[in-house]
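# no letters, just coordinates:
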């Protein structure tokens with residue numbers, strides 16, 4: 001049994017791809033899939049013809065200069081006072097400290113007093129040893145025979 005999406009889903013995707021193809025932004029694989037869909041779907045073929053005609057018309061129409069510039073109304077600004085900002089910062093700090101204490105996380109001072117960092121030489125001798133051990137482990141194993149043994 002093969003899953004086929006509902007035809008409306010295929011048509012919606014096809015129409016999105018038609019728009020992308022008109023803008024030159026459709027990938028090659030998607031173009032092949034779109035061509036396959038258009039070969040089977042007359043509604044989407046009609047949509048492609050109409051969309052192409054509309055696109056040509058819009059692109060051919062000269063730009064209009066506006067007599068008055070467009071201005072959007074300003075949104076209401078939130079007045080952030082220093083008192084609110086400091087209250088939020090203090091709350092966040094308290095939560096972080098509380099969560100750290102609850103989870104018993106080590107503090108920065110206890111991490112700094114840890115063991116010294118060991119510096120590893122970069123002569124790759126450890127890799128050579130690992131290769132030797134790996135090669136020894138890859139020796140083929142001869143299976144034991146289960147028949148009678150001769151002495």
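Done, it's in. Owing to the predicted nature of the structure, the values given are computational and were not obtained by experimental measurement. Numbering: from 1, shown residues only.
# so where's this structure uncertain?
1-7, 75-82, 85, 98-124, 139-151 (pLDDT under 70).
# in the host helix or strand of residue 14, what counts as buried?
Element membership for residue 14, per DSSP states H and E: helix 7-22. By neighbour count on 16 or more other C-beta atoms under 10 Å, the buried set for helix 7-22 is 10, 11, 13, 14, 15, 17, 18, 21, 22. For glycine as for every other residue, the C-beta is placed from the backbone atoms N, C-alpha and C.
# for those residues, which one is nearest residue 30?
Among the buried residues of helix 7-22, residue 17 lies closest to residue 30 (C-beta to C-beta), at 5.5 Å.
# please name the nearest non-neighbouring residue to the closest one.
Counting by C-beta to C-beta, 6 or more residues apart in numbering, residue 34 is the residue found nearest to residue 17 once chain neighbours are left out, at 4.5 Å.
# so who does the one you found touch?
14, 17, 18, 21, 26 (C-beta atoms under 8 Å, 6 or more residues apart in numbering).
# beyond the helix or strand containing it, next helix or strand please.
Here residue 34, judged by DSSP H and E, is contained in helix 28-40. With elements assigned by DSSP H and E, the helix or strand that comes after helix 28-40 is helix 42-60.
# elements contacting that next one?
On a contact count with 3 or more C-beta pairs under 8 Å, 6 or more residues apart in numbering; DSSP states H and E, helix 42-60 meets helix 7-22, helix 28-40.
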